[in-house]
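Chemist: got a predicted structure plus its sequence, pasted below:
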Amino acid sequence: MSILRGKNILLGLSGGIAIYKSASLLRRLTRDHGCNVTVVMTRSAQAFMTPLVFETFSGKEVITEMFESRSGIVGTRHIDLVQQADLIAVIPASANIIGKICAGIADDALSTMLIAARPEKTLIAPAMNHNMYNHPVMQRNLAQLRGLSYNLIEPETGELATAEEGWGVGRLPDEKTLLFYLEKACYAQKSPALRGKKVLVSGGPTREALDDIRFISNPSSGKMGIALAESAAKQGAKVVYVSGPSSLPDPLGCETIRVVSAEAMKTQILQHFEEQDIVAMAAAVEDIRPKVKFAGKLKKQAIPEQLPLERTPDILALLGKNKKKQLLVGFSVEVEKGIEHSLKKLREKNLDLIVLNDPGEPGAAFAGDTNRITLITPDGKANPLPLKSKEESAEAVWEQLLKPEA
Ligand SMILES: Cc1cc2nc3c(=O)[nH]c(=O)nc-3n(C[C@H](O)[C@H](O)[C@H](O)COP(=O)(O)O)c2cc1C
């Protein structure tokens with residue numbers, strides 16, 4: 001279940017062109033995440049979009065004035081709403097509202113609420129033209145906000161409505177990224193067990209080359225590894241994600257290292273292993289590779305009928321042998337006697353948890369968005385979970401691994 005479920009959010013909208021994205025974000029928050037959102041708009045924000053849109057999606061009166069309300073009751077709502085809120089998020093945050101926060105100016109409803117709110121529970125998503133964003137005053141203001149423990153959602157470099165070349169830094173990130181940072185800020189208030197932990201996750205397939213064009217691989221998409229990496233990062237872990245070839249974008253909030261072969265994956269993982277607290281090997285490392293790799297492209301007639309193969313390195317077994325403080329999570333794909341075979345693997349490889357996938361189960365396919373996993377612990381207990389999204393499955397893996405001893 002999303003950590004955002006049932007949360008009270010104050011969504012501040014200031015006068016930036018990216019405000020159109022906030023309407024869709026609001027819909028996701030209220031409809032998909034069950035959040036209770038109160039929207040506050042500056043006067044300039046209302047020049048871009050009308051409160052009606054946000055009233056419709058939040059199901060509530062939008063606050064636009066400090067001293068007036070259509071419902072007739074104003075009182076000290078600028079303090080009460082902030083106190084009731086789990087998060088205050090200004091998306092988009094204009095150069096002007098950022099300047100006001102830094103200067104302590106409280107001259108309308110939003111800026112007054114922001115000065116009443118603790119920086120740790122406030123998210124600021126700057127979005128503006130690249131010249132505005134790169135201005136030394138803006139950079140000084142943002143450094144000040146970071147220093148005061150505000151949660152900044154850094155803007156992206158990309159297409160801008162107003163840049164001369166149509167391109168630059170200052171673009172509001174997409175909805176998925178905004179939701180990631182909202183969830184991260186919620187977790188930060190809960191002190192989750194993963195907070196401050198160093199976590200390495202591997203994901204995706206590996207490719208074992210026959211020549212420069214052909215390879216042996218498997219259909220792993222990398223979705224489960226990405227879900228694990230993002231889930232840990234959201235919960236405050238410092239995550240290194242080692243990815244085999246995957247068409248998916250890098251997980252949010254992680255350092256991603258891309259590799260191709262099992263050998264390269266082994267090298268990267270071993271290089272980072274010692275400093276980790278937790279390693280989760282969700283990658284579908286290919287078990288075999290051609291004994292010889294040919295340079296260039298083999299002519300069709302030159303491809304040998306019998307292809308001599310050899311085993312790739314067993315990275316998980318190697319980690320199990322060398323582990324000191326690390327908690328080690330393995331994944332297994334079994335089509336029969338799943339629990340028995342997985343438990344054997346857990347014991348042989350010195351793992352702390354093994355996650356069993358049965359690719360034959362409906363909804364548990366390699367590249368799908370859902371998974372049906374069974375969590376198996378060293379004491380032999382097997383916890384079969386119902387069909388879940390890969391994100392929810394990832395949360396369940398971390399929860400099981402870090403469960404306090406009974
Ligand atoms: C078409 C248009 C687009 C604008 N886009 C942005 C923007 O993306 N970011 C920004 O900081 N200001 C932008 N501005 C300027 C702000 O709206 C202006 O500085 C305003 O005073 C901000 O007020 P507020 O912070 O009270 O909402 C834009 C103005 C116009 C006319």
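Modeler: Thanks, I have it.
Chemist: C-alpha from now on. contacts and neighbour counts both.
Modeler: OK.
Chemist: host element of the most centrally placed residue in the chain?
Modeler: Averaging the C-alpha coordinates of the chain gives a centre point, and the residue nearest to it by Cα atoms, centre = their mean is Glu230 (3.3 Å). Using DSSP states H and E, Glu230 falls within helix 223-234.
Chemist: which non-adjacent residue is nearest the residue of the stretch 301-406 of the chain at minimum distance from the ligand?
Modeler: With Cα to the nearest ligand atom as the measure, the residue in the stretch 301-406 of the chain that lies nearest the ligand is Glu391; the distance is 32.1 Å. The spatial neighbour of Glu391 that comes closest, neighbours along the chain excluded (Cα to Cα, 6 or more residues apart in numbering), is Ala227 at 5.0 Å.
Chemist: check Thr122 too.
Modeler: Taking Cα to Cα, 6+ apart, and ignoring the residues beside it in sequence, Thr122 has Ile88 as its nearest neighbour in space, at 4.7 Å.
Chemist: just checking, the one you found is part of a strand?
Modeler: Yes - the assignment for Ile88 by DSSP: H, G, I helix; E, B strand; the rest coil puts it in a strand.
Chemist: what bridges to it?
Modeler: Using DSSP bridges, the bridge partners assigned to Ile88 are Leu10, Thr122.
Chemist: what residues are up against it?
Modeler: Contacts for Ile88 (Cα atoms under 8 Å, 6 or more residues apart in numbering) come out as 9-12, 82, 114, 117, 121-123.
Chemist: also Ile278?
Modeler: By Cα under 8 Å, 6+ apart, the contact set of Ile278 is 197-200, 326-329.
Chemist: Leu52 - that's part of a helix, no?
Modeler: Yes - applying three-state DSSP, one finds Leu52 inside a helix.
Chemist: ok, it - how many residues close by?
Modeler: Other residues near Leu52 come to 14 when the count uses other Cα atoms under 10 Å.
Chemist: would you map the helices across the stretch 51-200 of the chain?
Modeler: According to DSSP state H, counting those that start in this stretch, the stretch 51-200 of the chain carries its helices in the segments 51-58, 77-84, 95-103, 109-116, 130-134, 136-147, 175-188.
Chemist: deepest of those, which one?
Modeler: Among those, judged by mean count of other Cα atoms under 10 Å, the one packed with the most neighbours on average is helix 109-116 (a mean of 21).
Chemist: helices and strands around that helix, which ones?
Modeler: The contact analysis (3 or more Cα pairs under 8 Å, 6 or more residues apart in numbering; DSSP states H and E) places helix 109-116 against strand 36-41, helix 77-84, helix 95-103.
Chemist: now do the last one against helix 109-116, angle only.
Modeler: Relative orientation of helix 95-103 with respect to helix 109-116: 30 degrees, computed using axes from the mean of the first three to the mean of the last three Cα atoms, to 10 degrees.
Chemist: that older thread, the residue nearest to Glu391: what's it in contact with?
Modeler: Counting by Cα under 8 Å, 6+ apart, Ala227 makes contact with 251, 390-391, 394.
Chemist: what number of residues lie near Glu275?
Modeler: Taking other Cα under 10 Å as the criterion, the count of residues near Glu275 is 12.
Chemist: one more: the one 4 residues further on?
Modeler: By the measure other Cα under 10 Å, the count of residues near Val279 is 25.
Chemist: thinking it is in contact with Lys324, fair?
Modeler: No - counting by Cα atoms under 8 Å, Lys324 is not a contact partner of Val279; they are 11.8 Å apart.
Chemist: which of the helices and strands packed on helix 109-116 sits closest to the ligand?
Modeler: Put simply, out of the helices and strands packed on helix 109-116 the one that sits nearest the ligand is helix 95-103, at 3.9 Å, with distance taken as Cα to the nearest ligand atom.
Chemist: average pLDDT for that closest one?
Modeler: Helix 95-103 shows a mean pLDDT of 98.
Chemist: what's the angle from it to helix 136-147?
Modeler: Compare the direction of helix 95-103 with that of helix 136-147 by the same axes, to 10 degrees and you get 50 degrees.
Chemist: so helix 95-103, near the ligand or not?
Modeler: Yes - applying Cα under 6 Å from any ligand atom, one finds helix 95-103 in contact with the ligand at 95-97.
Chemist: over to stretch 166-173?
Modeler: No - using Cα under 6 Å from any ligand atom, we find that stretch 166-173 stays clear of the ligand, coming within 8.1 Å at best.
Chemist: with stretch 142-149 instead?
Modeler: No - Stretch 142-149 stays out of contact with the ligand when judged by Cα under 6 Å from any ligand atom, the minimum separation being 12.9 Å.
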